[in-house]
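> My questions are about this predicted structure, shown below with the sequence.
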2 protein chains.
Amino acid sequence: MRRLLSLLLTATMALTAGAQTARQDIDRNPWLAGSNYVDYDRQLPDFRYTKPPKGYVPFYFSHYGRHGSRWLIGKDDYERVLRPLRKARRQSKLTREGEMTLRRVEEFNKSTRNRLGDLTTVGERQHHGIGRRMTQHFPEIFVKKKGVAIDARSTTVNRCILSMVAECEELMAANPTARIHNDVSDSLQFYLNQQWPDRLRDASRKGREANGRFTRENTHPERLMAVLFNDPQWARDSVDEGSLMRHLFEVVINMQSHDNGYDMLDLFTADEIYDMWRITNAGWYLNYGASPLTDGVMPFSQWNLLTNIIETADTCVALGKTQATLRFGHEVCVMPLACLMELDSCGVQVADLNELDRHWQNYKIYPMGCNIQLIFYRPKRGDGDILVKALLNEREATLPVTPTATPYYYRWKELRAYWLSKLESFR
Amino acid sequence: MRRLLSLLLTATMALTAGAQTARQDIDRNPWLAGSNYVDYDRQLPDFRYTKPPKGYVPFYFSHYGRHGSRWLIGKDDYERVLRPLRKARRQSKLTREGEMTLRRVEEFNKSTRNRLGDLTTVGERQHHGIGRRMTQHFPEIFVKKKGVAIDARSTTVNRCILSMVAECEELMAANPTARIHNDVSDSLQFYLNQQWPDRLRDASRKGREANGRFTRENTHPERLMAVLFNDPQWARDSVDEGSLMRHLFEVVINMQSHDNGYDMLDLFTADEIYDMWRITNAGWYLNYGASPLTDGVMPFSQWNLLTNIIETADTCVALGKTQATLRFGHEVCVMPLACLMELDSCGVQVADLNELDRHWQNYKIYPMGCNIQLIFYRPKRGDGDILVKALLNEREATLPVTPTATPYYYRWKELRAYWLSKLESFR
């Protein structure tokens, strides 16, 4: 009984600490409220990794990474913010702050011409950093191995290919003898960015109502509208205030994707920033996380990707050569994959969206440039289990099987069996 | 008079030599009949370059390159060959050779699924070679310059981006301190792959009739049809024999783009191969060369590209820093650009298509991986003209201004003025 109580207390404390952490994280660094727009380089870890068990060396590296920072992607993403502001200007309804906001978004909007969805220089830099650190952290694979074979593939989307370019350039710089094969093709899309089967579409639909309600309940545009417009009644009658608030936040928070962006975050209070984040956090959790509201099945969207990771590892482990497999794609893959793999607590199930921020924080999973690295180790000499370590955004992550004596190092055989049986359960 | 006669004789001999050469070239290496499908690596030059004038060093490198070898691109490119052959099989009209041809194309066709237009491993290798040789031939720029800035851009087409990847990987291998900025964006398309203005569309239309007539006159399918089909009357009634011959040739000749292709060239006689080449040679000349039948204006399709090359060179010459500009795109740009720049005799005007093969051979201009490199030289010490050398597919090419005392080296100021005034003439 005492033990149970103590466990409950510990759990409660952990949850409370988690709750404090999300708000504290974002208060300290409001850019983290950007969800999928977070600049990877604004939350780098300390890179102090646990050493492998004695006698073990890394020999195979398997990776799926999202493209780096980009312009907003939709044809209307900037215009839908500009339209109500321009209308207000025509009717003399803008405050001084509203004028300034319009002017800045208009000015920035010029740079978006024929650039929607493009990788930015911020995004390019992120991947140069990630690639360079791969060579620094795993020199046995990327530096010391003469003629190391690296297979690098990307979805057919240009910002993903350019992200691959940046990493591969770093790999070549670190080891001029590396033999990189790059491939991009519709024929690889089935696992690099799998289409949802009907079962997932149906499950996703179940989350819509809860998502809409949570979004409405947490959008409080009144203060911001009074900052932008000089006539509250006109604003209520002429502008979809909630939409404008959320769309303006999207433009403002994605300024971190640009070297020449404006810092307009002071348009929002800390509470509003946290609200905006919670809305997006919940929406993505419903569509890609293990949410009970969507039957807990959404991570299985990455069935083909995880299967490819296992099968390719099977080949490479059997071959025993030092090599690497790099894959480049999107957060709509990295995020459910992290949940499916159960890295750390990514796969957590939370029914109450109001509680979600205490248990699941998206900025830890899918910032721009987010990536999952699996590093396979074998004994330098003699026989022994193949071990595997996972990095989520270059942080050591726990895996859902019995740990070895060395934290973060797991037996590949066990992990492989766990993942395969989980995949089988979904069939 | 004697001088004129001698000149005429020399000219005639040169022409005759040219005529012999095209046929001899193709007899010796029938893959050259592939026109835009020619594998770059099957006709590499000897790379013995003329040394620059004493005291001159290269400092700026400007490049436009086409993607490497690829699968055929059209949805119907393989099927339109398979359809008549399958029909013949159903009706027992195939010879043994016809059966074998169908079986091979069917077998190869499997590899084309979701692969149309993709860069192949042959194409990837071509660009690794081109990139590596750039560093070998111009180490002052690509190897010895610490932190050399390289700006590399591609059209938005994946096989072009992958070609850029291959070259950039080689550049990083040769100089790990290089700072490469890669960009791909719709916003760059206006010069990387310019759309034809109306004036060029109109001019192109003028060549259609001559093109159709020349194609018909040089397609002789009778022998080939008798090889494939056991019933000549059935073939005449049931198959568009000319189209089948040309489309089958396209599939057969593009086998050089694949490491796992079939060699099916013996389906065609040397005469037929030469006919097929002449047809394509003429078609491309009409649409992209300086043909009088299309008003000599088609090379001006690369107005924006040549303008960009000049303007970027202006900036880089003024800055005086050692650097490079790489651009990646398509043969529909390289080819007219070579004509517009008047590299060697690319810009020649030939009215009679029957004479064209003696004066203009497309395989020298736009094989897979084709490229134009401009290398800018300056005096190591003191003042002096900036000189420029052009390489067309890594062969030294003449330029349309007064040569200096050193062959292939020209004064940039003169060349720039010539090109600008030529562009102006088209306005």
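Cool, got the structure.

> in terms of contact, does residue A:61 touch residue A:374 like I think?
Yes. Residue A:61 is in contact with residue A:374 according to CB atoms under 8 Å; the separation is 7.4 Å. Every residue, glycine included, has its C-beta placed from N, CA and C.

> Got the phi and psi for residue A:60?
phi -140, psi 140 (degrees, to the nearest 10).

> neighbours around it, how many?
Look at residue A:60: counted by other CB atoms under 10 Å in any protein chain shown, it has 25 neighbours.

> Find me the pLDDT at it, would you?
The per-residue pLDDT reported for residue A:60 equals 98.

> Contact partners for it?
A:141, A:313, A:316-317, A:322-325, A:375-376 (CB atoms under 8 Å, 6 or more residues apart in numbering or on different chains).

> Just give me the closest of these to chain B.
Closest approach between the contacts of residue A:60 and chain B, by CB to the nearest CB: residue A:324, at 14.1 Å.

> What helix or strand is the residue nearest to residue A:34 when sequence neighbours are not counted located in?
Spatial nearest neighbour of residue A:34, excluding adjacent residues (CB to CB, 6 or more residues apart in numbering or on different chains): residue A:253 at 4.2 Å. Using DSSP states H and E, residue A:253 maps to helix A:241-253.

> List the buried residues for that helix?
A:241, A:244-253 (16 or more other CB atoms under 10 Å in any protein chain shown).

> ditto for stretch A:38-56
A:38-43, A:49, A:52, A:56.

> Check stretch A:194-213 too.
Buried-residue list, stretch A:194-213, by 16+ other CB under 10 Å: A:194, A:200, A:203-204, A:207, A:210-211.

> Of those residues, which is the nearest to residue A:96?
Proximity of the buried residues of stretch A:194-213 to residue A:96 (CB to CB) peaks at residue A:211, which lies at 35.7 Å.

> circling back to that earlier point, was I right to think the residue nearest to residue A:34 contacts residue A:29?
No. Residue A:253 lies out of contact with residue A:29 (CB under 8 Å); the separation is 11.9 Å.

> how much space between the most centrally placed residue in chain A and residue A:329?
In chain A, the residue lying closest to the centroid (CA atoms, centre = their mean) is residue A:366, at 0.9 Å. In this view, residue A:366 and residue A:329 are 12 Å apart by CB to CB, to the nearest Å.

> What of residue A:323?
Taking CB to CB, one finds residue A:323 at 20 Å from residue A:329.

> neighbour-wise, which of these two wins?
residue A:329 (27 against 20).

> Using just helix, strand and coil, how would you label residue A:422?
helix (DSSP: H, G, I helix; E, B strand; the rest coil).

> wait, what's in contact with it?
Residue A:422 neighbours (CB under 8 Å, 6+ apart): residue A:340.

> Could you pull up the residues touching residue A:343?
Counting by CB under 8 Å, 6+ apart, residue A:343 has contacts A:372, A:390, A:392, A:397-399.

> For residue A:309, what are phi and psi?
phi -60, psi -40.

> What are the boundaries of the helices in the stretch 301-427 of chain A?
A:303-319, A:331-341, A:356-359, A:412-426 (DSSP state H, counting those that start in this stretch).

> Also the stretch 101-250 of chain A?
A:121-137, A:139-142, A:158-174, A:189-192, A:198-206, A:208-217, A:222-228, A:232-238, A:241-253.

> Dump those to CSV, plus mean pLDDT.
Compiled in CSV, the helices of the stretch 101-250 of chain A are given as follows (pLDDT from 0 to 100):
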stretch, mean pLDDT
helix A:121-137, 98
helix A:139-142, 98
helix A:158-174, 98
helix A:189-192, 97
helix A:198-206, 96
helix A:208-217, 97
helix A:222-228, 98
helix A:232-238, 97
helix A:241-253, 98
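
> Relative to residue B:95, which of these is closest?
helix A:189-192 (39.1 Å).

> thinking again about what came up before, make TSV from the contacts of residue A:343 and add neighbour count to it.
Listed next are these as TSV, based on neighbours: other CB atoms under 10 Å in any protein chain shown:
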residue	neighbour count
A:372	26
A:390	23
A:392	23
A:397	22
A:398	16
A:399	22
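
> Now, those residues that are in strands?
Among the contacts of residue A:343, the members falling in strands (DSSP state E) are A:372, A:390, A:392, A:397.

> Show me what the second one is bridged to.
When bridges are called by DSSP bridges, residue A:390 pairs up with residue A:374, residue A:397.
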